[in-house]
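Undergrad: Return a 3D structure for these sequence lines:
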Amino acid sequence: MEERINEEGFTTPKGIGSEIPHFVFDYPAEDELTVRTYVEGLLRRTPLNIKEINLFEFLISLFEEDLEELITIAEEEGYVELSQAIQTVLEDQDLLVNAFIEKADNTELIFITGVGTVHPFIRSSHLLKKLSNHAFRTPLILFYPGYFSGVDLRLFNKFRHEDEYQITRIS
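TA: Numbers count the residues shown, from 1 in each chain. Take a look at the predicted model:
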């Protein structure tokens, strides 16, 4: 993967028919700590301007002002109510996508991490689909603890998400 992202032209797709530069790096969930260590090292040694967006931290930042209220909902009403409260806010497609684009800022490449820790509040397949619908063209790599079949993503190699979006294995 490191060789690939450093290839000339990787971060600047050109042409009318160029693919949306969204990639997946899938791996067995039990390798999460190894992958985290690898990503940290890669971010330190690369000359590229790469922004890591951890989806769990991203979710928390979306609800920064409402965290106390969400904690109260979780304690008093339980997980189902908490999940519904979060999903109601995240259904606003513009909120999620605009916040992501703002977080991405002006970067050459985005690493999306924290996929397993934020499930099921943010599903990476839904985020990718929403970004594709907004013609988000900044190259990104989704670090995915599960399996990408070439058609669908299977989180932890168990949960299937069959949204249609353009993504390619980085290997």
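Undergrad: what are the ranges of the strands in the protein?
TA: When secondary structure is read from DSSP state E, the chain shows strands at 22-27, 50-54, 109-113, 140-148, 153-155, 159-161, 168-169.
Undergrad: how distant is the fifth one from the center of its chain?
TA: Once both centres are worked out by C-alpha atoms, centre = their mean, to the nearest Å, strand 153-155 turns out to sit 13 Å from its chain's centre.
Undergrad: same deal with the second one?
TA: For strand 50-54, the distance from its own C-alpha centre to the chain's C-alpha centre is 9 Å (C-alpha atoms, centre = their mean).
Undergrad: what lines up beside it in the sheet?
TA: With DSSP bridges as the test, strand 50-54 is paired with strand 109-113 (parallel).
Undergrad: Now do the partner strand: everything it contacts.
TA: 5, 10-11, 36, 39, 43, 48-55, 104, 124, 127, 138-143 (C-beta atoms under 8 Å, 6 or more residues apart in numbering). In this view, the C-beta of every residue, glycine as well, is placed from N, C-alpha and C.
Undergrad: same question, stretch 141-158
TA: With contacts defined as C-beta under 8 Å, 6+ apart, stretch 141-158 is touched by 1, 5, 22-29, 31-32, 35, 39, 109-113, 115-116, 119, 124-125, 128, 159-163, 167, 169-170.
Undergrad: And it, what's buried?
TA: Buried residues in stretch 141-158, counted by 16 or more other C-beta atoms under 10 Å: Ile141, Leu142, Phe143, Tyr144, Pro145, Gly146, Tyr147, Phe148, Leu153, Arg154, Leu155.
Undergrad: Helices of the chain, start to end?
TA: Counting by DSSP state H, the chain has these helices, from start to end: 2-5, 32-45, 55-62, 67-77, 79-90, 93-104, 115-118, 124-133.
Undergrad: got the CA positions of the fifth one in PDB?
TA: If I follow you right, that is helix 79-90. What follows is helix 79-90 as a C-alpha-only set of coordinates in PDB (Å, rounded to 0.1, in the frame of the first residue of the first chain):
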ATOM      1  CA  TYR A  79     -28.900   1.800  24.000                       C
ATOM      2  CA  VAL A  80     -31.900   1.700  21.600                       C
ATOM      3  CA  GLU A  81     -32.900   5.300  22.500                       C
ATOM      4  CA  LEU A  82     -29.300   6.500  22.300                       C
ATOM      5  CA  SER A  83     -29.000   4.900  18.800                       C
ATOM      6  CA  GLN A  84     -32.200   6.500  17.600                       C
ATOM      7  CA  ALA A  85     -31.200   9.900  18.900                       C
ATOM      8  CA  ILE A  86     -27.900   9.700  17.000                       C
ATOM      9  CA  GLN A  87     -29.400   8.300  13.900                       C
ATOM     10  CA  THR A  88     -32.000  11.000  13.700                       C
ATOM     11  CA  VAL A  89     -29.200  13.600  13.600                       C
ATOM     12  CA  LEU A  90     -27.100  11.600  11.100                       C
END
